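**Q** pasting the sequence and the predicted model now:
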Amino acid sequence: MLSKLGVEVPIVQAPMAGVSTPALAAAVSNAGGLGSIGVGATDAAGAGAMIADLRARTERAFNVNVFVHGPAQPDPEREKAWLHWLAPLFSEFGVAPPTTLRTIYKSFADDADMLSMLVEARPPVVSFHFGLPSQQAIQRLKGAGTTLLATATNLEEARQIEAAGIDAIVAQGIEAGGHRGVFDPAAPDDALGTVALTRLLVANSTLPVIAAGGIMDGAGIAAALTLGAVAAQLGTAFIACPESAADDAYRAALAGPGAYHTRLTALISGRPARCLANRFTELQQSVAGRLPPDYPIAYDAGKALHAAAKARGEHGFGAQWAGQGAPLARAMPAAELVATLLRELKAAPFPPQGQ
């Protein structure tokens, strides 16, 4: 599937909204992999500008990722209680908490402008996270010649992806950094690891499977291919690259002790996401059954708290997303990292057939 797009090596760089840049994605694509940008945190105009920037840097295929979350349900009482709980932290940094919270990100499911822009821009690949858009949106994108990917965290989600006519599945194991791609965050999560999930999807789907979660080096890629995946998706491995948008505090945290203790938490954004252990993840110990507001309403509070803390030199409230393989991260240019991964893949003790 990826070879049809001119992707030479079985490496997909995860979109990582807010961290992946056009420069990073282009570097990965130019090195033979599939570079990605995440546009879930911007609007159609912003996404269009990112695509134009990326196209100016590469002639190769790339992926544009969108968030397809269900609509947030505003709950003023719940939001007020959440802000009240966070108020002592805001006070620690000399500011008052926000008086109200906003739905800061629009779902692709409700964003006609984003869909129209993508149909016109015709990116080689578009991927969906948190769910699937309408059949009309899928058909319009396919009609524009775009290859479609979607994240699954279990077999039922994979079956929905296949039935919708998507071209390939990203199997996101529980090890993965950033937001879990679960379609329904209120449903029980089987928390399948990358190995079990990849094998389940390879054995029960006719679609190509891209393994994601905890993969940081060539040996991990080789393992994913041995499981039957057509490629491995790596996100945390690229955070330390100079082309990423990670700030100095994020990079320092990635190289620090928190990398050995990543935590899955919904406190930061309102949806489960894996983060480096920091002051925000420590709040899980005192949440005492409180439910954060829906995603992305809770994220408005999380971002405000991070801004207040950062202004006072405290960086422990950032959304420092990272997977369980974080201690294996290496700081080097993205093209060099892709070349290193490829050398490691070829030297792996269990290279897949044909590698």
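**A** Looks like it came in fine.
**Q** list the contacts for the closest residue to Ala311 other than its chain neighbours?
**A** Once flanking residues are discounted, Ala311 sits nearest to Phe93: 6.9 Å by C-beta to C-beta, 6 or more residues apart in numbering. Just so you know, the C-beta spots here come from the backbone N, C-alpha and C atoms, and that holds for glycine as well. Applying C-beta atoms under 8 Å, 6 or more residues apart in numbering to Phe93 gives the contacts Ala308, Ala309, Ala311, Arg312, Glu314.
**Q** can you give me phi and psi for Val64?
**A** phi -120, psi 120 (degrees, to the nearest 10).
**Q** again, but for Ser36
**A** Per degrees, to the nearest 10, the backbone of Ser36 is at phi -140, psi 150.
**Q** what's the distance between it and Pro296?
**A** 20 Å (C-beta to C-beta, to the nearest Å).
**Q** who has more neighbours, those two?
**A** Neighbour tally, Ser36 and Pro296, criterion other C-beta atoms under 10 Å: the higher count belongs to Ser36, 27 against 24.
**Q** residue contacts, that one?
**A** Counted by C-beta under 8 Å, 6+ apart, Ser36 has contacts 12-16, 20, 25, 28, 62-65, 125, 127.
**Q** do the same with Ile297
**A** Taking C-beta under 8 Å, 6+ apart, one finds Ala72, Pro74, Glu79, Leu101, Arg102, Thr103, Ile104, Gly270 in contact with Ile297.
**Q** so the third one is in which element?
**A** Going back to what we said before, that points to Glu79. helix 76-92 (DSSP states H and E).
**Q** could you pull out the strands for the stretch 51-200 of the chain?
**A** Using DSSP state E, counting those that start in this stretch, the strands assigned to the stretch 51-200 of the chain run over residues 62-67, 125-129, 147-152, 168-172, 178-179.
**Q** out of those, nearest to Ile161?
**A** With C-beta to C-beta, the closest approach to Ile161 among these belongs to strand 147-152: 4.5 Å.
**Q** buried residues in that closest one, which are they?
**A** Thr147, Leu148, Leu149, Ala150, Thr151, Ala152 (16 or more other C-beta atoms under 10 Å).
**Q** just the residues you listed now: which is nearest Ile138?
**A** Leu148 (6.6 Å).
**Q** what's the end-to-end length of stretch 165-177?
**A** 27 Å (C-alpha to C-alpha, to the nearest Å).
**Q** and the pLDDT at Ser3?
**A** Listed pLDDT for Ser3 reads 87.
**Q** residues in contact with it?
**A** Ser3 touches nothing, counting by C-beta under 8 Å, 6+ apart.
**Q** can you tell me how far it sits from Val230?
**A** Counting by C-beta to C-beta - Ser3 and Val230 are separated by 9 Å.
**Q** got a markdown table for the strands of the stretch 51-200 of the chain, with distance to Ala240 and mean pLDDT too?
**A** Shown next, in a markdown table, are those (distance: least, C-beta to C-beta, whole Å; pLDDT from 0 to 100):
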| stretch | distance to Ala240 | mean pLDDT |
| --- | --- | --- |
| strand 62-67 | 20 | 98 |
| strand 125-129 | 22 | 98 |
| strand 147-152 | 23 | 98 |
| strand 168-172 | 21 | 98 |
| strand 178-179 | 15 | 98 |
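**Q** give the contact list for the spatially most distant residue from the centre of the chain.
**A** Here the chain reaches farthest from its C-alpha mean at Gly94, the gap being 32.4 Å by C-alpha atoms, centre = their mean. By C-beta under 8 Å, 6+ apart, the residues touching Gly94 are Ala308, Arg312.
**Q** what's the burial count for Gly313?
**A** 8.
**Q** now find how far off-centre stretch 179-186 is within its chain.
**A** Mean C-alpha position of stretch 179-186 versus that of the full chain (C-alpha atoms, centre = their mean, to the nearest Å) differs by 12 Å.
**Q** before we move on, the earlier item: quick check, nearest of the contacts of Ser36 to Ile210?
**A** Val12 (5.7 Å).
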